[in-house]
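*Asks:* Please find the sequence and the predicted model below.
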Amino acid sequence: MSTEQNKALVRRWFEEVLNQGNTDTVDVICMRCAPSFVVIQGVANPAPPGLEGVKEIIRTLLAAFPDLHFTVGDQIAEGDMVVSRLTVHGTHQGEFMGIPPTNKQMEIAGISIWNVQDDKLIQEWVSWDSLGMLQQLGIAPAQS
């Protein structure tokens, strides 16, 4: 696969799986060998293993933020790695990591790094502005 095809596959992850909530796409674009699929530093640490664990994380995230939307900014690809600069926004309308709904909106930045092999996503490393999210939701005090 070319680096452009790898970037398109990662964009498909964000658009179909996260923005549209289509967890069936996970089975199509992610490596089926469940023990090898890993999300590192994602919504849940550690993430449950395999594709069913990934789907569980997505369902939990979308239940907490039903209007969640990921915007992919810059993407850089080299070999089998794709880095995406992301903006995420949503309204906290369901329990999230034990936090009851605040009905507040948040918008945070993040970086996602995917490893792609044999036309499939196999591993993701994620870094989010978690403190910024908690501050916007009124859970953590704003910095002065």
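*Replies:* Yes, it's here.

*Asks:* got the contact list for Phe96?
*Replies:* Neighbour list for Phe96: Thr60, Leu61, Ala64, Phe65 [criterion: Cβ atoms under 8 Å, 6 or more residues apart in numbering]. For the C-beta atoms, the positions are set from N, CA and C on the backbone; glycine is no exception.

*Asks:* List phi and psi for it.
*Replies:* Main-chain torsions, Phe96, degrees, to the nearest 10: phi -140, psi 110.

*Asks:* Which one of the contacts of Phe96 is nearest to Ser84?
*Replies:* Leu61 (17.0 Å; Cβ to Cβ).

*Asks:* Checking the closest one next. Helix, strand or coil?
*Replies:* helix (DSSP: H, G, I helix; E, B strand; the rest coil).

*Asks:* distance between the ends of stretch 72-91?
*Replies:* 19 Å (Cα to Cα, to the nearest Å).

*Asks:* Going by neighbour count, which residues in that stretch are buried?
*Replies:* For stretch 72-91, a neighbour-count test (16 or more other Cβ atoms under 10 Å) marks Val72, Gln75, Ala77, Val82, Val83, Ser84, Leu86, Val88, Gly90, Thr91 as buried.

*Asks:* again with stretch 51-67
*Replies:* By 16+ other Cβ under 10 Å, the buried positions in stretch 51-67 come out as Leu51, Gly53, Val54, Lys55, Glu56, Ile57, Ile58, Thr60, Leu61, Leu62, Ala64, Phe65.

*Asks:* Sounds good, over and out.
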